[in-house]
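S.K.: what's the 3D shape of this:
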Amino acid sequence: MRSAQAGAPARFARQDHFPQGWQPCIGQFVELFHRYGYIYKSLSGGSWYSSNEKWKLPDSEILKAIACVHPRSFIGCRSGKSSRFAVLDIDQSSQYHNQRSLDKLLKVLSEAGLGRSSLYRSSYSGGWHLYLFFDEPINSADLRRQLVRLLALNGFKIEKGQLEIFPSPGSGESLGHGLRLPLQPGFAWLDKKTLEVEHERHELNATQALELFVDALDGDNNSYADFRRLKNHVQELEQSKNVVVEFGNNSADNVVLLKRAEKASATGEFIDFVRGVFKRLDGWREEWQLDDWTKQKTVQVIEDSDGLEAKRFDARTSGQTFLFAPNGTLLFHGGITAARGVTGENEGFNNLSKALARDKTAEAQNPNFKKSLVFGCNLLNERN
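M.R.: The predicted structure is shown next:
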């Protein structure tokens, strides 16, 4: 929504809030933001409005906003052609606004090369802004594209009210989306491990707040090399998606992402290759643990709390096992126990062993050796 004018700037006594000597820090902060097509919202509430795209947001308006003395508005900025930061915007009502989802998000980012981030409460509404700072400007469109791909490939829904990604530059006649500036009323510093508030904005003066934010920008940033690692990681994930397609209907959404081991162990074990996927069934108790699995160094344990992985594989019964070749060919699927809860040698286990050995003789003698019956619990809560 556009407004003919955003109102004349109010007088601002900068020295009262940012004494002499703070100019280098101020300059570093204001340079982070694109100045044209800025957005603003009344302090009393309501909708965000767009200024005339030809108007430049002056330093004084930014400083009034982050000093929490702007007389009329909250201020936000759109994306320029490059940016030293990205923001993952998670609303308070989002399905990702919880410790478990945040931990998963941080893990996905870290595995992609972005191990440094800073978590803030964006306003009194309780939403989160997870900042990813960089030591030099990154192309905004490319930065957004890589983050969108990374999170989508890992099962996150990128949509308004759930998880939004900035920078969000426009194209054609679109100016893209604006993002609320940090350090305004309602802003807070959060502990990523506990989600507790470390600092409330209203408890700090303007220079203390500015210094904390710039310290994170300088001292907790990712490098351009980290961004290159992100791009390579996303490319590998996309290649895996194109190669490893689940048996069945072979639809575009029916895909399982596997990470191929970098190198085989001298002992013949599969390192970082075997994944144990666990879904919490109805009646799950928190005291039940997966200790025996989590202690296995050669098994990556994945908790499939929403059943997404089970649906991708069409795995309907607990204990169902899948074996893929490095090129994505399905070599075996089925159960590897003789009955529910029964251990020891059985046909399914033997078939899996033959598939691992790529036993051509077994395949010739019995074309069905690649599959076996599964005995376990219902994973998808289906009724016959």
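
S.K.: taking the centroid of the chain, which residue is nearest it?
M.R.: In the chain, the C-alpha closest to the average C-alpha coordinate belongs to residue 105, at a distance of 3.9 Å (Cα atoms, centre = their mean).

S.K.: which parts of the helix or strand where that one lies are buried?
M.R.: Here residue 105, judged by DSSP states H and E, is contained in helix 99-111. Buried positions in helix 99-111, judged by neighbour count with 16 or more other Cβ atoms under 10 Å: 101-102, 104-106, 108-109, 111. Just so you know, the C-beta spots here come from the backbone N, C-alpha and C atoms, and that holds for glycine as well.

S.K.: same question for stretch 356-372, mean pLDDT?
M.R.: Confidence for stretch 356-372, expressed as mean pLDDT, is 65.

S.K.: coming back round to it: pLDDT of the helix holding residue 105, averaged?
M.R.: Across helix 99-111, the average pLDDT comes to 96.

S.K.: who touches it?
M.R.: Outside of helix 99-111, the residues within contact range by Cβ atoms under 8 Å, 6 or more residues apart in numbering are 88, 95-96, 115, 117, 119, 128, 130, 132, 150-151, 154, 156, 192, 195, 233, 305.

S.K.: buried among the residues you listed? Make that a PyMOL selection.
M.R.: Isolation of the buried members of the contacts of helix 99-111 (16+ other Cβ under 10 Å) is achieved in PyMOL through the command below:
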select buried, resi 88+96+117+119+128+130+132+150+151+154+156+233
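
S.K.: now, the contacts of helix 99-111 that are in helices?
M.R.: In this view, the contacts of helix 99-111 that belong to helices under DSSP state H are 150-151, 233.

S.K.: residue 19: neighbouring residues, count only.
M.R.: The burial metric for residue 19, expressed as a neighbour count using other Cβ atoms under 10 Å, is 11.

S.K.: please shift the residue numbers so they start at 11 in all later answers.
M.R.: Sure, I'll start counting at 11 from here, so that last one is residue 29.

S.K.: in the chain, which strand has the most residues?
M.R.: strand 138-149 (DSSP state E).

S.K.: for that one, name the packing helices and strands.
M.R.: Applying 3 or more Cβ pairs under 8 Å, 6 or more residues apart in numbering; DSSP states H and E, one finds that strand 138-149 contacts strand 92-100, helix 109-121, strand 128-131, helix 216-229, helix 234-253.

S.K.: among these, which is nearest residue 49?
M.R.: Of all these, the one in closest proximity to residue 49, counting by Cβ to Cβ, is strand 92-100 (13.8 Å).

S.K.: dihedrals phi and psi, residue 345?
M.R.: Listed backbone geometry of residue 345 is phi -90, psi 160, with angles given as degrees, to the nearest 10.

S.K.: give me the spatial nearest neighbour of it, chain neighbours excluded.
M.R.: Nearest residue to residue 345 in three dimensions, chain neighbours excluded: residue 384, at 3.5 Å (Cβ to Cβ, 6 or more residues apart in numbering).

S.K.: circling back to that earlier point, out of the buried residues of helix 109-121, who's nearest residue 42?
M.R.: Ranking those by separation from residue 42, with Cβ to Cβ as the measure, puts residue 119 on top at 20.1 Å.

S.K.: the closest one and residue 229, how far apart?
M.R.: Relative to residue 229, residue 119 is positioned 18 Å away (criterion: Cβ to Cβ, to the nearest Å).

S.K.: surely residue 162 and residue 169 touch.
M.R.: No: taking Cβ atoms under 8 Å as the contact criterion, residue 162 and residue 169 are not neighbours in contact, 10.6 Å apart.

S.K.: those two: which is more packed in?
M.R.: Neighbours per residue (other Cβ under 10 Å) separate residue 162 from residue 169, with residue 162 holding more: 14 against 9.

S.K.: that one: what's it in contact with?
M.R.: Contacts for residue 162 (Cβ under 8 Å, 6+ apart) come out as residue 168.

S.K.: measure it to residue 366 for me?
M.R.: 32 Å.

S.K.: again with residue 145
M.R.: Distance, residue 145 to residue 366, using Cβ to Cβ: 45 Å.

S.K.: in terms of neighbours, single out the busier of these two.
M.R.: residue 145 (16 against 13).

S.K.: which stretches in the protein count as helices?
M.R.: With DSSP H as the criterion, the chain has helices spanning 24-27, 33-40, 69-76, 109-121, 150-163, 216-229, 234-253, 301-304, 318-323, 357-366, 370-375.

S.K.: could you dump those to a markdown table with distance to residue 340?
M.R.: Shown next, in a markdown table, are the helices of the chain (distance: least, Cβ to Cβ, whole Å):
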| stretch | distance to residue 340 |
| --- | --- |
| helix 24-27 | 64 |
| helix 33-40 | 53 |
| helix 69-76 | 56 |
| helix 109-121 | 25 |
| helix 150-163 | 20 |
| helix 216-229 | 46 |
| helix 234-253 | 12 |
| helix 301-304 | 23 |
| helix 318-323 | 10 |
| helix 357-366 | 10 |
| helix 370-375 | 13 |
